[in-house]
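Engineer: this one's structure only:
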């Protein structure tokens, strides 16, 4: 499954760099930057594994630790050049969440959990690292306010079970449902689609309660 | 145990709505609102189960997921009317923390943990969802500064062990100690009782350290 | 191993008091202060145990609960005098992180994890309590921006494996690697050493991305 490893590493690279950038903005020291990069990359998978009572993935496989470390050092060193990588990083990130969503769904299935819980686990695997990054940087999590991101994971996760019902072969399901995440996320950004707002213009929420 | 299921659902409804309201105030998108409602409802029980190394309750029982989803959709849709429900929601919330405290205490007992730890687990089950809600919304957790809330859970949890010592039958202990939480919480709000302040008027803490 | 118990208690005292001080600054109520003291003291070990899938240490041993409770009550009561204890508390804190680092490393080793993971677990045990304290108090975690602190734990953890390679006896490894943490931390504070900054003067990070 070499191509999965490559996707995984690209995802970790994109996630680490997003962690580095958030922490640089908060003027953290070298240690803080490394931790934020690490947490952004593996936070989602860690939460998933802890909730499932499974061994935590980055303790079993040192690849994550090495990739995050090297990425972080390079990203700090070449931080002025990172804006040139903007598009590549966006692409890696999108490949990453596609992969992590499907991996999360499959880990849930291997524990014989209901479909909705599997979709939640997949979305969590893909998105929660960014949530912890924002909490540690004392920001409101971006994905709670941003364009289609988690929603792409949810829809991709749901598509997994549609393909499963259709009796597609396993590897095709894996590939297609990851692709659903990626296509939705790319379309959302390219065509500037966002969730329909639940707010009216100038609506003031504070008075309701 | 039908009546317990009803209490549980009323509690989840109250917790979800408090999550919806917090996230609306922060102008989150539909996904963010749903996650905050979910985390507020099940966060406490999840932490308890993870600390105990037990399967996480909402993965075993889809009722939570359905109730939270429906409540969230309705609460967003009818958010302007929620202020009319103010009193009912306060009551549901109070019933909820009464129930969760006792359930948490009993889960601790089933693992043969000491009484103080069981009380801590009960309080955590009841209160921690609100803590994660406030962290995700980038606020200081309300229960660390608010009127008697966690304190009601602690006292109710302690009363559980008093009733146990008195050799009351199991179902009576369950009922009475939940009632202790509820009565203390209701009295505190009705009679505006709060913990004695540890601060003197205009005391400036910053200089001490 | 009486001397280890004493170090452990001194560490818990220092950590509890740092929690009390943070929560007083945020004007929390008595319950909030106690929770922050508790979380600061045991947060790191709890995360370590949850990640390893081991029983959580403070549920097994009531010493932590008692020490934290008594320390918190005394610290709130005598908070105006705490500044006189400044140096002692700094020393206790330093002894504490030395001990927790080594205990964390050894817990990782007992699960046959790779050296780097063990060092991460040790650092986490020593530092994560303070991170949760700062999150709950709605601050950016201090250790991500502060002088040598986590770095001392990392270097101490690494030294553990150097001493292990050198075939030192177990108890000497325990002692020496804890000492490495303590000496680095003390030197850093006394000689005002900090990590080399990754930032240039007046560097504006916001424009990069």
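Structural biologist: Received it, and whenever you're ready, just let me know what you need. The structure displayed is predicted, hence computed values, not measured ones.

Engineer: what is the burial count for the closest residue to residue A:196 other than its chain neighbours?
Structural biologist: Leaving aside its chain neighbours, residue A:196 sits nearest to residue B:30 (7.5 Å; criterion: Cβ to Cβ, 6 or more residues apart in numbering or on different chains). Placement of C-beta: from N, CA and C, glycine included. Residue B:30 has 18 neighbours, counted by other Cβ atoms under 10 Å in any protein chain shown.

Engineer: what residue lies at the spatial centre of chain A?
Structural biologist: Nearest to the mean C-alpha position of chain A, by Cα atoms, centre = their mean, lies residue A:126 at 3.0 Å.

Engineer: assess the claim that that one and residue A:93 are in contact.
Structural biologist: No. Contact criterion Cβ atoms under 8 Å: residue A:126 and residue A:93 do not qualify, at 9.8 Å.

Engineer: skipping its backbone neighbours, what lies nearest the residue in chain A that chain C sits nearest to in space?
Structural biologist: Going by Cβ to the nearest Cβ, chain C is nearest to residue A:32 of chain A, at 2.7 Å. In this structure, residue A:32 finds its nearest non-sequential neighbour in residue C:144, 2.7 Å apart by Cβ to Cβ, 6+ apart.

Engineer: how much space between that neighbour and residue C:129?
Structural biologist: Distance, residue C:144 to residue C:129, using Cβ to Cβ, to the nearest Å: 14 Å.

Engineer: who has more neighbours out of those two?
Structural biologist: A side-by-side neighbour count of residue C:144 and residue C:129, using other Cβ under 10 Å, places residue C:129 first with 30 against 25.

Engineer: quick one: what helix or strand has the more buried one in it?
Structural biologist: Assessed by DSSP states H and E, residue C:129 sits inside helix C:115-136.

Engineer: quick one: list the elements packing against whichever strand or helix holds residue A:11.
Structural biologist: Using DSSP H and E, residue A:11 sits within helix A:2-25. Here helix A:2-25 touches helix A:30-52, helix A:63-77, helix A:86-110, helix A:115-136, going by 3 or more Cβ pairs under 8 Å, 6 or more residues apart in numbering or on different chains; DSSP states H and E.

Engineer: what is the burial count for residue A:66?
Structural biologist: Other residues lying near residue A:66 total 13 when counted by other Cβ under 10 Å.

Engineer: neighbours of residue A:183, how many?
Structural biologist: A total of 15 residues lie near residue A:183 under the criterion other Cβ under 10 Å.

Engineer: sketch out the low-pLDDT regions of chain A for me.
Structural biologist: By pLDDT under 70, the low-scoring segments of chain A are A:1, A:146-147, A:201-209.

Engineer: so which residues on it come close to chain B?
Structural biologist: Counting by Cβ under 8 Å from any Cβ of the partner chain, chain A comes close to chain B at A:50-51, A:53, A:113-114, A:116-117, A:120, A:131, A:135, A:138-141, A:143-146, A:150-151, A:154, A:194-199, A:205-206, A:208-209.

Engineer: which among these count as buried?
Structural biologist: By neighbour count, with 16 or more other Cβ atoms under 10 Å in any protein chain shown, the residues of chain A next to chain B hold A:50-51, A:113, A:116-117, A:120, A:131, A:135, A:140-141, A:143-144, A:146, A:150-151, A:154, A:195, A:198 as buried.

Engineer: just the closest residue of chain A to chain B, please.
Structural biologist: Closest contact between chain A and chain B, by Cβ to the nearest Cβ, is at residue A:144 (2.7 Å).

Engineer: so who does that residue touch?
Structural biologist: Contacts for residue A:144 (Cβ atoms under 8 Å, 6 or more residues apart in numbering or on different chains) come out as B:23, B:26, B:28-29, B:31-33, B:35-36, B:136.

Engineer: for the helices and strands packed on helix A:2-25, which one sits closest to residue B:164?
Structural biologist: Residue B:164 sits nearest to helix A:30-52 of all these, at 31.3 Å, using Cβ to Cβ.

Engineer: mind listing what's buried in the closest one?
Structural biologist: Under the neighbour-count criterion of 16+ other Cβ under 10 Å, helix A:30-52 has A:30-52 buried.

Engineer: report the next helix or strand after that helix in sequence order.
Structural biologist: Next in sequence after helix A:30-52, counting helices and strands by DSSP H and E, comes helix A:57-60.

Engineer: how much space separates residue A:106 from residue B:137?
Structural biologist: Counting by Cβ to Cβ, the gap from residue A:106 to residue B:137 is 32 Å.

Engineer: meant to ask about residue A:35, not that
Structural biologist: Taking Cβ to Cβ as the measure, residue A:35 falls 23 Å from residue B:137.

Engineer: swap in residue A:132?
Structural biologist: Note on residue A:132: its distance to residue B:137, by Cβ to Cβ, is 15 Å.

Engineer: just residue A:39 next, same as before
Structural biologist: Following Cβ to Cβ, the distance that separates residue A:39 from residue B:137 is 20 Å.

Engineer: what of residue A:65?
Structural biologist: Applying Cβ to Cβ, the value for residue A:65 to residue B:137 is 32 Å.

Engineer: ditto for residue A:144
Structural biologist: From residue A:144 over to residue B:137 the distance is 9 Å, taken as Cβ to Cβ.

Engineer: same thing with residue A:60?
Structural biologist: For residue A:60 relative to residue B:137 (Cβ to Cβ), the value is 34 Å.

Engineer: go on, residue A:78?
Structural biologist: From residue A:78 over to residue B:137 the distance is 35 Å, taken as Cβ to Cβ.

Engineer: which of those two has more neighbours?
Structural biologist: A direct count of neighbours by other Cβ under 10 Å for residue A:78 and residue B:137 places residue B:137 higher, at 19 against 11.

Engineer: thought the more buried one was touching residue A:140?
Structural biologist: Yes. Between residue B:137 and residue A:140 a contact is recorded at 6.7 Å, counting by Cβ under 8 Å.
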